[in-house]
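Chemist: sequence and predicted model, in that order:
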Amino acid sequence: MKRLFRWLFRLVVLLIVLAVALVLLKDILLKAIVERRIREQTGLEVKIAKLEAGLFSPTFLMEDFKLYNPPEFGGSVFLDVPEVRFEYDAGEAVRGRLHFRLLRLNLKELHTVRSQSGRTNLLGLVAQAQRRAPAQPPSDGGLKLEFGGIDRLYLSFGTVKHTDLQQPRNNWQRTIGWKDYEVKNICTEEDLRNWATLVLMQVTFLHPAQAVPGR
């Protein structure tokens, strides 16, 4: 009986240790999965300093996200995002829909580059993603979530920099200076694409004083 008790006690201790280890390692494992998925979808190098997913709350935090240009475009940082924070609907997530109650994006810098051959990194990224998406299923077998909308989105945007490797005299840098601009009720993927396209056009083609996010 004593041996059985000791065995059960050791088993309970082992389970507790494993549970604690899982809690401590979950963010590390999730960070590795996210980085791998982004590499697979874009073909670009990515680094994430910190990633936290709420264990008992539907929250997510990512800090110091950096996406790098390929060698053809100089290997510099393409997108520098100090913070992404969101709250989602847990009930809808269980049913396979990702519905953001709150999404906060802090974009420090976007770096567009024109290569020696005249190609741009933005168009190259789109083409790369289109080639990879249908041909390469996720290596981790992860669940694909349907976009379920964004109730409130807050966007901060620092600067946009353009480098022309073919004609350096065309280089420029523009301060955008947006801080917590609010957008409400993005309901569909088409709404999101249209809004993101409009923002990209504003920050790359308009003078900052003329640009208001998504309007």
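Modeler: On my side now, so go ahead. Numbers count the residues shown, from 1 in each chain.

Chemist: strands along the protein, start to end?
Modeler: 46-53, 59-68, 77-88, 97-114, 146-164, 172-186 (DSSP state E).

Chemist: let me have those strands in CSV, extended by mean neighbour count and distance to Leu198.
Modeler: (Glycine included, C-beta is placed from N, CA and C.) Shown next, in CSV, are those (neighbours: other C-beta atoms under 10 Å; distance: least, C-beta to C-beta, whole Å):
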stretch, mean neighbour count, distance to Leu198
strand 46-53, 15, 25
strand 59-68, 18, 21
strand 77-88, 18, 18
strand 97-114, 19, 15
strand 146-164, 18, 12
strand 172-186, 14, 11
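
Chemist: and of the ones you listed, who's closest to Leu200?
Modeler: strand 97-114 (8.3 Å; C-beta to C-beta).

Chemist: and that closest one, C-alpha only, in CSV?
Modeler: Presented in CSV, the C-alpha positions along strand 97-114 are these (Å, rounded to 0.1, in the frame of the first residue of the first chain):
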residue,chain,number,x,y,z
ARG,A,97,-13.8,32.1,-36.6
LEU,A,98,-11.3,34.7,-35.5
HIS,A,99,-13.4,37.7,-34.4
PHE,A,100,-11.3,40.6,-32.9
ARG,A,101,-13.1,42.6,-30.3
LEU,A,102,-10.1,44.9,-30.1
LEU,A,103,-6.9,45.1,-32.2
ARG,A,104,-4.1,47.5,-31.5
LEU,A,105,-1.3,47.9,-34.1
ASN,A,106,1.8,50.0,-33.5
LEU,A,107,3.8,50.2,-36.8
LYS,A,108,7.2,51.9,-36.3
GLU,A,109,8.5,51.8,-39.8
LEU,A,110,7.7,50.4,-43.3
HIS,A,111,10.7,50.2,-45.6
THR,A,112,10.0,50.0,-49.3
VAL,A,113,12.9,49.1,-51.6
ARG,A,114,13.4,49.1,-55.3
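
Chemist: so where is this protein shaky, pLDDT-wise?
Modeler: 1-25, 127-144, 206-215 (pLDDT under 70).

Chemist: so which of the strands of the chain is nearest Val34?
Modeler: Checking these against Val34 by C-beta to C-beta gives strand 46-53 as the closest, at 6.4 Å.
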